[in-house]
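Peer 1: quick one, fold the following:
(chains A, B and C)
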Amino acid sequence: MSAPSLRRLRAIMAKESLQIVRDPSSILIGLILPVFLTLLSGYSTNLDIEHIAIGLALEDHSPAARDLAASFTATKYFDVRQGGDRREFTDALTRGDLYGLVVIPQTFSRDLARADVTVPFQVIADGSVPNTATFLQNYAMGVWQAWMERRARERGASATEPVRLAPRTWYNQELVSLNSLLPGGMAINLTLIGALLTALVVAREWERGTMEAMLATPVGRFEMLLGKLLPYFLLGMMAMFLCLGITLAVFHVPFRGSTFALAVVSSVFMLSALGLGLLISSLSNSQFVASQAAIITAFLPAYFLSGYVFEPSSMPLPVEWLSRCIAARYYVSCLKTLFLVGDAWGLLMPNMAGMAAIAAVMFALTLKNSSRTLS
Amino acid sequence: MNPALATVAALTMRFGASGPPALDALTAEIPAGMVTGLIGPDGAGKTTCIRLLAGLLHPTRGTLTVLGRDPVTQADAIHARIGYMPQKFGLYEDLSVIENLRLYAAVRNLPDADRAATFARLLGFTGLAPFTTRLAGRLSGGMKQKLGLACAMIRRPELLLLDEPSVGVDPISRRELWRMVRALADDGIGVLWSTSYLDEAEACDHVLLLAAGHLLFDGAPGALTSRVDGRVFQVRGIAGNRRAVLRRALGQKGILDGVIQGRHVRLVAAKDAPPIDLEALKAGPEAALVAVPPRFEDAFLDILGGGPGGVSALARQMEPKTPRRTAVVEARNLTKRFGAFTAARDISFAIRQGEIFGLLGPNGAGKSTTFKMMCGLLKPSAGQALVDGLALGKSPGAARARIGYMSQKFSLYGTLSCRQNLEFFSGIYGLAGARRKAAIEGMIDIFALGPHLAASADTLPLGFKQRLALACAVMHEPAVLFLDEPTSGVDPITRREFWTHINGMVERGVTIMITTHFMDEAEYCDRIALVYRGAVIAIGSPDALKDEARTPETPDPSLEEAFIALVARSDREEPPGAAA
Amino acid sequence: MNIARIQSLVVKELLAILRDKKSRIALFMPPILQLGIFAFAATLEVKNVSLAVLDKDGGKAAVELTQRFSGSPYFTKVFSLADQGQVAPTLENERAMAVLVLDANFSRDVAAGRQATAQLLLDGRRSNAAQIVEGYAELVVKQYNDDLYAKRGLPGLPATLVARNWFNPNLDYLWFTVPNLIGMLSMIVGLVVTSLSVARERELGTFDQLLVSPLSPWEILVGKTLPAMILGIVESVAIVAAAILLFRIPCHGSLTTLAFCMVLYLFSVVGFGLFISSLCNTQQQAILGTFTFMIPATLLSGFATPLETMPQALQLLSLANPMRHFLAAVRGIMLKGMPFDMALDTVWPLAPIAVVTLALAGWFFRRGLD
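Peer 2: Numbers count the residues shown, from 1 in each chain, chains lettered A, B, ... in the order given. The predicted model follows:
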């Protein structure tokens, strides 16, 4: 193999950069899609469940019942549609217009006086959307407890429980889900640039015959790989900072870490994504296969298994193990930490080690598969 | 012969364990200072051979030496000293001319000090100097090819490997390319030029003729053509139908091969055959048999033992078309504008029933635009394209059912089997029931597709793909057949077979419109329209065009020479740039 | 319209897809992977919670409460911290999802009948999980309180909510994920089959062949729509069968109603696919176009996040998203036994979506002729 030459490397990088600038699909995946995805997910993915539409069947007309109903109406968690009979709401529940139903039965005042451990009203949640159902129950319980305490205070009685749980949330006091979703979403964008775009461009070189022409020149394999990687690496970093800008400026997500740490962590992740892209392209030389492979092995795992939305620790064990082979999982963890905690190197280091290991495996496999001959 | 730059001995290449080898025990040399032609139809093993020489493939068996090195173990040392232009020219289409040059200059380690001078020399040499900032993807085929060549020779290589540089390139660009390559060879560079155009062999100093992985001939082209010396004739002064004359001639014992050349018929007699019986050809009282110098292709056909017969089984089973007096295909003041650019301007012609009408022209001259408007694939900006008096773009399916279409890309469905393709095309042309079955069986029979029926169209040998494409285009017995470069890359025997069918169908009253870059294919046409810079600059029979181009310097121009002369004349009358 | 010609097109289209190994993989891999792996991954449930306890008290009550936590099914990994200094790193480095801090006078307060405070520190990086973990902890503490009341012979506050979950009594997350995946996978199939079909034919040159044939654009449209419908229906039936038989998801509604909605849904998806395809000249454009459509379609479908929390503009936009309407219907039919008229009421927007997209696709087929 001829000695690596900086000049050849520069030439290939210059070529690749020009192609990025001129190719609409690079611009689409590299710049437009990240901005679009960040904005769209910023506005659309919100796990903070407020204004849950519920029905309230007020079958008891005592003042206490009305007072409790008013408590439900007052809270921001619920959008209450009131009625006199629970049967009025069955259709709306089936249709999905309502997520639940609070029934204050005729027996409410009687049972209230009995002071049983069981609350004297019922909550019916639409179990077909389990997450919302869980929240609905928790919120209903909250409304009830607040109501009971206020009532007790008004009567001068103590309503204190022996042990009070005082929850405090660190890093994201208000539990704004966007604060953790948006940083995680950056991993999806970098995965698309690193894996999908890289796989597509290399496959295109095979399809158009330019790879063949290059292979017959003194360009070494190393120069070819590096010359391709660096521009896409830079494109990925640009996209990352673009997302960062939108996340901070439009959605006011806090950023407590340092840009330096973010750049370092993102670089390591970018390497693993590029490694995957190159590996895919070294195994497939048509754009169709490359894109399918990239979507199946890079995009879908980055979405489902990275912890971006779904918690890997809650997944069944084999799936959780699988998620440990996904570089995005380590990156998402780093991103959330960098945004909400700060430069917690104790967490960043092991995660970077995980990404680096995956990147090393990808590159080793790529080098093994990208021979300099055709066949 | 000059010293060898590359030698191969008993070189064999197999892809996969089964099937015949792509190259079978090839032994040959490529000398310095010469143009070596690697000639053969598609699938002969040309590309495999070139890739092996470039160190891009490792041979199954045999030895190679390139510039004194072994391409398997010392590919890098070889890459620094060769130039290689793959098919499709290896250009980055989204890079400009100068950016492609810069890239190849850098990867080929051209010293910076030499860069300006080298670029100036190459741009001058290729005539690309006015287009340095144009994207390679926007260049015409001929210009791409020249740029590809410039990139391959950016550092004066010792050996230049060119893989099918002339595919899809018009005669003018081809001629310029030959001029350049000739200059390189004279400079001492060894050039290996692979091509499926047999007429290019004659321009080579040394020829390696390949067919199905076997070397059929190795030597100077003259050495091959001399084997048919004195056996090649033209029937001249034919009165009446020259296609019928050809058919009769090919039926005569002792005639190996025959083609139509304008108003004449060219025949090759077998060795030791009895003299050709001119009477039996019924060519008219004026007919005469004139001995002509042999061509490479004549000799090639002789090696292969001659072409197919002259009778088309396809035409025989076709119903004769009802005669019509009016034009079957007509272009009336066709104009096509793309934005500010006028691709075709005011084009008019009329094609009679049973006529073969050719559209010729340099790349990017408006030939394909016109063709597409004629068959309804492009809507004219002004004017009309009529088939049987109807505009195809607007007309109902019934009018389109009367045409057949076959393009250079063999528009078959690659993942469908041979039979499934036949079933599909018969189906969309509305054949049904017994008629459909008969048509399919007929095609299988005529084109001998039987053994390949279950194979995916993609995996068929090129000759069979071409046959299948023709079968699909004519199953519904169209009145008009549109052919877009129908035989590029196809071996000469299949090409002759193809023309036998076309000639036969024409005799049954089918009308043909064809575009081609093959001049010998153009010779089959009754009339040719030469399209240049968006307009028809000449129209007439091949001989009329030759007559038009006749000058004292070229008293007997070939069709290719006529083509070039007429384009040059148009440039003189209306210099480029003035037209825009 | 000529039935025989269309039939030829349909057969060709099906063969072209099914005879090609790559297309087969593109068609069957995503459903298998998604049902086999991602169905289990796509859960917002929180399980296997790890909890660190900093017990500064060490008294009886503190130990008891800690034991309550370790004994609960939610907190599978409970470990103790030695001092305050360990709290921050434990949470920061994700060694525990939450930290329970019991102050030095915790047991004394409990014994004295004063209100004792147990502090729960949650990791806000996982905002959804944090809220759910808080709910779990509340339950543990409430039960501890109830037991204290009982021990002291006091009536507790009525604090046990009789919550009933209709349609999915155990809040099994798969009952949510799998019906949604039916909608998502049917969309992938419909788009993969259609979006590449026109673009591939354009790229390979066979589309010209169709355009010069007697086929009218509308026949081509039907010939492209039907095979995608057939493949979509076959694969959807397989997915529904897998959902009911393998995942044991109940189907309370009628399968006919489900089939009706599915067909309507596939029509609208195929319409989008053909529309995207008719705009593209190359397969690469088609792939990227499909992808660019799929992501917002998924985000705005109500699958991962509820639609109600989105800004008004996005909610309006989501009305054009076929998946949104179908997901509501498939959940309704399978889990809630939604009757036909109500299902129709939910999915009717799919019909105009299909008509508009298919008409646009047919219109754009002849693009390039100009």
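
Peer 1: rest of the way, CA atoms for contacts and neighbours
Peer 2: Noted.

Peer 1: residues contacting B:His501?
Peer 2: B:311-315 (Cα atoms under 8 Å, 6 or more residues apart in numbering or on different chains).

Peer 1: ok, C:Pro227 next?
Peer 2: Contacts of C:Pro227 (Cα under 8 Å, 6+ apart): C:10-11, C:13-14.

Peer 1: tell me which of the residues you listed fall in helices.
Peer 2: Counting by DSSP state H, these place C:10-11, C:13-14 in helices.

Peer 1: what parts of the stretch 251-375 of chain A come near chain C?
Peer 2: Neighbours of chain C within the stretch 251-375 of chain A, by Cα under 8 Å from any Cα of the partner chain: A:287-289, A:291-292, A:296, A:304-305, A:309-316, A:319, A:336-337, A:340-341, A:344, A:346-347.

Peer 1: residue 80: neighbour count?
Peer 2: Just so you know, I chose chain A. Number of residues near A:Val80 (other Cα atoms under 10 Å in any protein chain shown) recorded here: 24.

Peer 1: I was after chain C.
Peer 2: C:Ser80, neighbours per other Cα under 10 Å, totals 15.

Peer 1: quick check: it vs chain A, distance?
Peer 2: C:Ser80 sits at a distance of 18 Å from chain A (criterion: Cα to the nearest Cα, to the nearest Å).

Peer 1: wait, that residue sits on C:Lys56?
Peer 2: No. Counting by Cα atoms under 8 Å, C:Ser80 stays clear of C:Lys56, with 10.4 Å between them.

Peer 1: how about the residue nearest the centre of chain B, phi and psi?
Peer 2: The residue lying closest to the centre of chain B (Cα atoms, centre = their mean) is B:Ser488, at 3.7 Å. Dihedral angles of B:Ser488 (phi, psi; degrees, to the nearest 10) stand at phi -70, psi 130.

Peer 1: could you find the closest non-adjacent residue to it?
Peer 2: Among residues not flanking B:Ser488 along the chain, B:Gln408 sits closest, at 6.7 Å (Cα to Cα, 6 or more residues apart in numbering or on different chains).

Peer 1: which ones are touching that neighbour?
Peer 2: B:483-488.

Peer 1: tabulate the contacts of B:His501 (TSV), appending distance to C:Ile233.
Peer 2: Converted to TSV, these look like this (distance: Cα to Cα, whole Å):
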residue	distance to C:Ile233
B:Val311	51
B:Ser312	47
B:Ala313	46
B:Leu314	43
B:Ala315	45
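
Peer 1: pairing partners for the host helix or strand of C:Val101, with directions?
Peer 2: Applying DSSP states H and E as the criterion places C:Val101 in strand C:98-102. Sheet pairing for strand C:98-102, assigned by DSSP bridges, gives strand C:49-55 (parallel), strand C:116-123 (antiparallel).

Peer 1: how about the helices in the stretch 251-375 of chain A?
Peer 2: With DSSP state H, counting those that start in this stretch, the ranges of helices along the stretch 251-375 of chain A come out as A:259-283, A:287-294, A:300-304, A:317-323, A:327-340, A:345-369.

Peer 1: what's the distance between the residue nearest to the centre of chain B and chain A?
Peer 2: Taking Cα to the nearest Cα as the measure, B:Ser488 falls 20 Å from chain A.

Peer 1: cool, and B:Glu202?
Peer 2: 28 Å.

Peer 1: over to B:Gly284?
Peer 2: 54 Å.

Peer 1: circling back: what is the nearest of the contacts of C:Pro227 to B:Ala457?
Peer 2: C:Glu13 (14.8 Å; Cα to Cα).

Peer 1: which positions in the stretch 201-350 of chain A make contact with chain B?
Peer 2: Near chain B, when you scan the stretch 201-350 of chain A using Cα under 8 Å from any Cα, you find A:208-219.

Peer 1: show the pLDDT at residue 180.
Peer 2: No chain in the question, so chain A it is. On pLDDT, A:Ser180 comes in at 85.

Peer 1: that's the wrong chain, I meant chain C
Peer 2: Looking at C:Asn180, the pLDDT reads 90.

Peer 1: so where does it fall, helix or strand?
Peer 2: C:Asn180 belongs to helix C:173-204, assigned by DSSP H and E.

Peer 1: and the strands in chain A, which stretches?
Peer 2: Under the criterion DSSP state E, chain A contains strands at A:52-58, A:78-83, A:100-104, A:118-126, A:163-170.

Peer 1: looking at the ones you listed, which is nearest to chain B?
Peer 2: strand A:118-126 (48.8 Å; Cα to the nearest Cα).

Peer 1: neighbours around the nearest residue to B:Asp484 once chain neighbours are set aside, how many?
Peer 2: Nearest in space to B:Asp484, with sequence neighbours left out and distances taken as Cα to Cα, 6+ apart, is B:Ser407 at 4.4 Å. The number of residues packed near B:Ser407 is 24, by other Cα under 10 Å.

Peer 1: for B:Ser407, give me its contacts.
Peer 2: B:Ser407 touches B:483-486, counting by Cα under 8 Å, 6+ apart.

Peer 1: now the residues you listed as CSV including neighbour count and pLDDT?
Peer 2: What follows is the contacts of B:Ser407, written out as CSV (neighbours: other Cα atoms under 10 Å in any protein chain shown; pLDDT from 0 to 100):
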residue, neighbour count, pLDDT
B:Leu483, 21, 93
B:Asp484, 22, 88
B:Glu485, 19, 85
B:Pro486, 23, 86
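
Peer 1: low-confidence ranges, the stretch 101-250 of chain C, go.
Peer 2: Along the stretch 101-250 of chain C, segments meeting pLDDT under 70 span C:154-160.

Peer 1: can you pull out the strands in it?
Peer 2: Remark: strands assigned in the stretch 101-250 of chain C by DSSP state E, counting those that start in this stretch are C:116-123, C:160-166.

Peer 1: same question, the stretch 1-150 of chain B
Peer 2: Going by DSSP E, counting those that start in this stretch, the stretch 1-150 of chain B shows strands at B:4-13, B:23-31, B:35-39, B:61-66, B:82-85.

Peer 1: among the ones you listed, which comes closest to C:Pro179?
Peer 2: strand B:4-13 (53.9 Å).

Peer 1: residue closest to the middle of the chain?
Peer 2: Assuming you mean chain A. Note: chain A centre (Cα atoms, centre = their mean) maps to A:Tyr308, 2.8 Å.

Peer 1: um, chain C though
Peer 2: Of the residues in chain C (compared using Cα atoms, centre = their mean), C:Phe303 is nearest the centre, at 4.0 Å.

Peer 1: ok now do that residue, which residues does it touch?
Peer 2: C:180, C:327.

Peer 1: need the three-state assignment for it.
Peer 2: coil (DSSP: H, G, I helix; E, B strand; the rest coil).

Peer 1: can you check B:Leu483 too?
Peer 2: Going by three-state DSSP: B:Leu483 is strand.

Peer 1: do the same with B:Asp556
Peer 2: coil.

Peer 1: and it, how far from chain C?
Peer 2: 40 Å.

Peer 1: right, and that residue touches B:Arg550 too?
Peer 2: Yes. Using Cα under 8 Å, B:Asp556 is in contact with B:Arg550, at 6.6 Å.

Peer 1: more neighbours, those two?
Peer 2: B:Arg550 (17 against 14).

Peer 1: which residues are in contact with that one?
Peer 2: B:556-557, B:562.

Peer 1: where in chain A is pLDDT low?
Peer 2: Along chain A, the model assigns pLDDT under 70 to residues A:1-3, A:46-48, A:115-117, A:156-159, A:285, A:370-375.
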